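S.K.: Turn this into a model:
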Amino acid sequence: MATDTASEAERALAMTIKVYEVNRDGITRVLREKAEVKPLDQPEYSHQFPDCRCPRCPESAR
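M.R.: Below you'll find the model as predicted:
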């Protein structure tokens, strides 16, 4: 029974993603069918954007 609760909790956190492209005429083509994915607790370092270094951003954003 605890396993059912855990899977329900994981399912509640899951996101659904479907990848498709749209051409200039509005015709869509599915690249990947709909699938459930579990979000990461913390993004991998390679997927994080670097800190902004432009002069307009406050120092706290850097």
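S.K.: can you give me the strands in the chain?
M.R.: Counting by DSSP state E, the chain has strands at residues 15-22, 28-37.
S.K.: what would those look like in JSON lines with mean pLDDT, mean neighbour count and distance to residue 48?
M.R.: For the C-beta atoms, the positions are set from N, CA and C on the backbone; glycine is no exception. Output for the strands of the chain, formatted as JSON lines (pLDDT from 0 to 100; neighbours: other C-beta atoms under 10 Å; distance: least, C-beta to C-beta, whole Å):
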{"stretch": "strand 15-22", "mean pLDDT": "92", "mean neighbour count": "10", "distance to residue 48": "18"}
{"stretch": "strand 28-37", "mean pLDDT": "92", "mean neighbour count": "10", "distance to residue 48": "18"}
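S.K.: And the residue nearest to the spatial centre of the chain, how far from residue 50?
M.R.: Geometric centre of the chain, nearest residue: residue 39, 6.7 Å, by C-alpha atoms, centre = their mean. Residue 39 sits 22 Å away from residue 50, going by C-beta to C-beta, to the nearest Å.
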